[in-house]
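1. Using only what follows, build the 3D model:
(2 chains)
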Amino acid sequence: MKNLIEIRWHGRGGQGAKTASLLLADAAFNTGKYIQGFPEYGPERMGAPITAYNRISNKPIRIHSNIYEPDYVVVVDDTLLESVDVTAGLKKEGAIVINTVKDNDTIKKLLKGYEGEIYKINARKISEETLGRYFPNTPMLAAIVKVSKIMTDEELLNDMKGSFKHKFAKKPEVIEGNMKALEMALGSVEKI
Amino acid sequence: MSIRERLSGNEAAAIAMKQINPDVVAAFPITPSTEIPQYFSSFVSNGEVNTEFVAVESEHSAMAATIGAEAAGGRAMTATSANGLSLMWEMIYIASSLRLPIVMSLVNRAVSGPLNIHNDHSDAMGVRDSGWIMLFSENNQEAYDNLIMAHRIAENKKVKLPLMVCQDGFITSHSIENIELLEDDIVKKFVGEYNPDEYLLNKNNPIAIGPLDLQSYLFEHKAMQAEAMKNAKQVILDVAKDFEKITGRKYSFFEEYKLEDAEVAIVCMNSTAGTTKFVVDNLREKGIKAGLLKLRVFRPFPAEEIAKALGHLKAVAILDKADSLNAVGGALFQDVTSAMFVNKKEVPMVDYVYGIGGRDTKADDIESVYNDLAEIVKTGNIDNPYRYLGLRR
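-> All right, here's what the predicted structure looks like:
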């Protein structure tokens, strides 16, 4: 991993993009990194576009601004591709990961000539199969780990097992589903 | 052994309060400080602290309840932001004039209006002359450390003043970052017991607190408050020295970052200092002698020490995250420039009002300030010392 990785999340209020950014921060922290995980708060409401950020580094992080030139972008809801400039400032050596079932040409057109790598994943299908409901954040967490190689698949799975146990202490029945969602997502990221 | 953790600034403040385990916490929720009493009330429910938590109906009552608790002889804490602090206004002055060492977490946010929930320092700047000690924090670690040191400073017999620990709303209060925590028993030992000399619940020494104080004595009492604020300076340094012994982390009135051999420098407070360090490092790689003075102790204001630290520079920019709307410049600018004048240091200085209402401050913005300073050094010209940074025109 290079010294500092910057990630920007685009989602809609209620989909868990903020939670996913915090979980990613958590997982990276557990592998010994310095981390930042923070949302950009606007008028928070269900369905409104929201942005969240991660910095992950081998050295202490001092900068306290939003991220304008991310290495990676995660799009949790593909309807945002039409209304938000998701590749703004995204480095061409970097990559974008999108939760979508759109065909590759449509995606490329919506990204207006972004030159870096583009990945897609059907987080809805994975979530509905493993959790019985649509919670895209868990599959997207696995997808960005796969693409950015911040940690190995094993590190992610081991760490999240502990995190889920803690997070879902009162709902242990969802732990297995979330772990399955991670595993499935790690194997379902598709480069286009 | 310190504990490696990752916490938001609000979590860090709540954990510090848990480890301090005060007698009373009274608070009313307000964004972005809401999580502090929220987390703390769960510590109360879970029996992790012995604190009496008073869920008051307003911030005025929150401050009134902490005043009552401290006057009774207890140790009391609260947390608030922006308009919550505005509603405390009357009681803020009463807390300091009664010499009650209340400790508050102030999560800085713009004071309305129009309504804005995001960060600037207008709330803190509004109470800068109210007789509270004011510490500012770059990140979650400093918000935590400052709270651990707070009671030792505030409760010192030569001080006896309330103290607020500031951190930037959302920017640090809601950002998860690495932090080193102390073990509970080490904090407990460091903070110590609170044994006030005089208090209302001491039946052996009945006293009155807060009676009428007219022409014959109020002036003298105010002078005593002023003296206590001067005394706080040495106490702040002494407590920092003890804190360094248990943590290895050094604190003073301010942090000098690559300032000693700098030619140009920025003076600022809270999270912007982190972004400025990032920029200073980049500029240093290009051979530009940039530095930073990050102010931690805003009240008492370390005027002489600041003048000494900045006296050798060729140009200095002050960043004010609140506009004083006075046609002159922000509060920090006025304090720093007057410190320089009184201490006979002549350095070209400019003020930048920035970050108002949560306007993000980018590394590029900070770099542009250093570029402006280089221009001032080159030409000697400051057309307008009262400037904006990041304002859309």
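
2. all contacts plus neighbour counts: C-alpha atoms, from now on.
-> Fine.

3. Give me the three-state assignment for the closest residue to residue A:14 other than its chain neighbours.
-> With sequence-adjacent residues excluded and distances taken as Cα to Cα, 6 or more residues apart in numbering or on different chains, residue A:14 is closest to residue A:46, at 5.2 Å. Counting by DSSP: H, G, I helix; E, B strand; the rest coil, the backbone at residue A:46 sits in coil.

4. likewise residue B:316?
-> Under three-state DSSP, residue B:316 falls in the strand class.

5. what's near enough to touch it?
-> By Cα atoms under 8 Å, 6 or more residues apart in numbering or on different chains, the contact set of residue B:316 is B:264, B:265, B:266, B:267, B:310, B:347, B:348, B:349, B:350, B:373.

6. Go again with 6 Å.
-> Applying Cα atoms under 6 Å, 6 or more residues apart in numbering or on different chains, one finds that residue B:316 lies in contact with B:264, B:265, B:266, B:349.

7. if we can go back for a sec, next, count neighbours for the residue nearest to residue A:14.
-> Look at residue A:46: counted by other Cα atoms under 10 Å in any protein chain shown, it has 11 neighbours.

8. Thought residue A:11 was touching it, still the case?
-> No - Residue A:46 is beyond contact range of residue A:11, at 10.6 Å (criterion: Cα atoms under 6 Å).

9. State the phi and psi torsions of residue B:370.
-> As for residue B:370, its main-chain torsions (degrees, to the nearest 10) stand at phi -60, psi -40.

10. From residue A:15, how far off is it?
-> Distance, residue B:370 to residue A:15, by Cα to Cα, to the nearest Å: 41 Å.

11. just residue B:178 next, same as before
-> Residue B:178 sits 26 Å away from residue A:15, going by Cα to Cα.

12. Just want to know which of those two has more residues nearby.
-> Set residue B:178 next to residue A:15 and count neighbours by other Cα under 10 Å: residue B:178 wins out with 23 against 18.

13. Now residue 177: which helix or strand?
-> In the absence of a named chain, chain A is used. Assigned by DSSP states H and E, residue A:177 belongs to helix A:175-186.

14. nope, chain B please
-> Assessed by DSSP H and E, residue B:177 sits inside strand B:176-181.

15. That strand packs against which elements?
-> If contacts are counted by 3 or more Cα pairs under 6 Å, 6 or more residues apart in numbering or on different chains; DSSP states H and E, strand B:176-181 sits against strand A:34-40, strand B:3-7.

16. which other helices and strands contact whatever helix or strand comes next after the shortest one?
-> Following strand B:3-7 in sequence order, the next helix or strand is helix B:9-20 (DSSP H and E). Using 3+ Cα pairs under 6 Å, 6+ apart as the contact definition, the elements that helix B:9-20 packs against are helix B:35-45, helix B:140-154.

17. out of those helices, deepest packed?
-> Neighbour counts (mean count of other Cα atoms under 10 Å in any protein chain shown) averaged over each of the helices and strands packed on helix B:9-20 peak at helix B:140-154, with a mean of 25.

18. Just the pLDDT at residue B:113, thanks.
-> If you check residue B:113, the pLDDT there is 91.

19. Validate this expectation: it resides in a strand.
-> No - per three-state DSSP, residue B:113 lies outside any strand segment and is coil.

20. where does it sit relative to chain A, distance-wise?
-> Residue B:113 is 16 Å from chain A, where distance means Cα to the nearest Cα, to the nearest Å.
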